[in-house]
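Chemist: mind folding the following:
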Amino acid sequence: MERNSTDVIIEDKVYKISTDQDASYVRELAEYINEKMELLHRQSAYSKQANAFRQIILLMNMADDYCHMKQQAEEATRKYEQQEAEFYNMKREMVNMQMTIASLKKQLQEKPQTQAVCPYLQSLAKETEAKNTQNAQASQEKKQYPPYGSFANSAAVHKKK
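Modeler: The predicted structure is shown next:
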């Protein structure tokens, strides 16, 4: 990757940073450092310390932030992995249930009608078949007779002749 040279301002001083990171990322880091330093400068005890000690305090604060973020990332990763495992377990259970359903359907199809598992379903099937037969007969009867309007028109035609 190509090295980029980026100017950043940290504590009112301009620094030229040469890195293979994106310039916007380098500026974001500098902004974070400035925010941390500003927070520390607001504390009166910090300003009274020697420069070397202030740098140590700054580094400790930044390391603290890093460790907290790392813990959060690890916790999020752990939760993700746990949810992923639960998802795959549920998916496996679903496949097993689908296989069981398919097996039960096959068993039902292989059994003779007289050995049906549920008598209620048998009676319901007979009722449905009877209704379908009645509907088919009624439909045939309607086809035999023309609609009322057609009959009336043909009757009127016969009177005129």
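Chemist: quick one: distance of whichever strand or helix holds E81 to the chain centre.
Modeler: Assigned by DSSP states H and E, E81 belongs to helix 51-110. Distance of helix 51-110 from the chain centroid (Cα atoms, centre = their mean, to the nearest Å) equals 14 Å.
Chemist: tell me the mean pLDDT for it?
Modeler: For helix 51-110, mean pLDDT is 94.
Chemist: can you name the next helix or strand after it?
Modeler: Taking DSSP H and E as the definition, the helix or strand that follows helix 51-110 towards the C-terminus is helix 119-144.
Chemist: buried stuff in that next one?
Modeler: For helix 119-144, burial by neighbour count (16 or more other Cβ atoms under 10 Å) applies to no residue. Just so you know, the C-beta spots here come from the backbone N, C-alpha and C atoms, and that holds for glycine as well.
Chemist: tell me the angle of it relative to helix 51-110?
Modeler: 70 degrees (axes from the mean of the first three to the mean of the last three Cα atoms, to 10 degrees).
Chemist: from here on, call the first residue 818.
Modeler: From this message on, residue numbering opens at 818, which makes the last subject helix 936-961.
Chemist: name the SS class of E819, please.
Modeler: Assigned by DSSP: H, G, I helix; E, B strand; the rest coil, the conformation of E819 is coil.
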